[in-house]
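[1] below are the sequence and a predicted model for it; my questions follow.
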Amino acid sequence: MPRPLPPETTLEAAAARYGAAFGADALPCLCGVSGDAVPTAVAMLTHAVAARRPLRYAAIAEATGLPPPPLHGAL
């Protein structure tokens, strides 16, 4: 069984730091990010904050091999 990530490296914590840096509306799509994709997503979000460069909406999906996210959603 894999060890849980330390609290500061969870996807939720990384997304919160990213949202604080760029605004919650600037978060890239995190739909379907789980398992082996989580460390990559955390690293990408952390790097974006450190570099002060927001990610494109589909950047994490593209980097992890997930299907492209829809560009719109139902309200």
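    Perfect, thanks for sending it. Numbering: from 1, shown residues only.
[2] can you give me the helices for this structure?
    Using DSSP state H, the helices of the chain run over 11-22, 37-51, 59-64.
[3] residue 62 touches residue 68, doesn't it?
    Yes. Applying C-beta atoms under 8 Å, one finds residue 62 in contact with residue 68, separated by 7.4 Å. Every residue, glycine included, has its C-beta placed from N, CA and C.
[4] where does the protein dip in pLDDT?
    Applying pLDDT under 70 to the chain flags residues 1-8, 72-75.
[5] again, 50 this time
    Scanning the chain for pLDDT under 50 picks out 75.
[6] residues contacting the nearest residue to residue 48 once chain neighbours are set aside?
    Once flanking residues are discounted, residue 48 sits nearest to residue 55: 5.0 Å by C-beta to C-beta, 6 or more residues apart in numbering. Applying C-beta atoms under 8 Å, 6 or more residues apart in numbering, we find residue 55 in contact with 28, 44-45, 48.
[7] among these, who's most crowded?
    Within these, most neighbours by other C-beta atoms under 10 Å means residue 45, with 27 neighbours.
[8] contacts only, for the closest residue to residue 44 other than its chain neighbours.
    Take residue 44 and drop its neighbours on the chain: the residue closest to it by C-beta to C-beta, 6+ apart is residue 60, 5.7 Å away. Residue 60 is in contact with 28-30, 33, 37, 40-41, 44-45, 66, counting by C-beta under 8 Å, 6+ apart.
[9] likewise residue 32?
    Residue 32 sits next to 61, 66-67 when contact means C-beta under 8 Å, 6+ apart.
[10] so which of those is surrounded by the most neighbours?
    residue 61 (21 neighbours).
[11] just checking, that one touches residue 29?
    Yes. Using C-beta under 8 Å, residue 61 makes contact with residue 29 at a distance of 5.9 Å.
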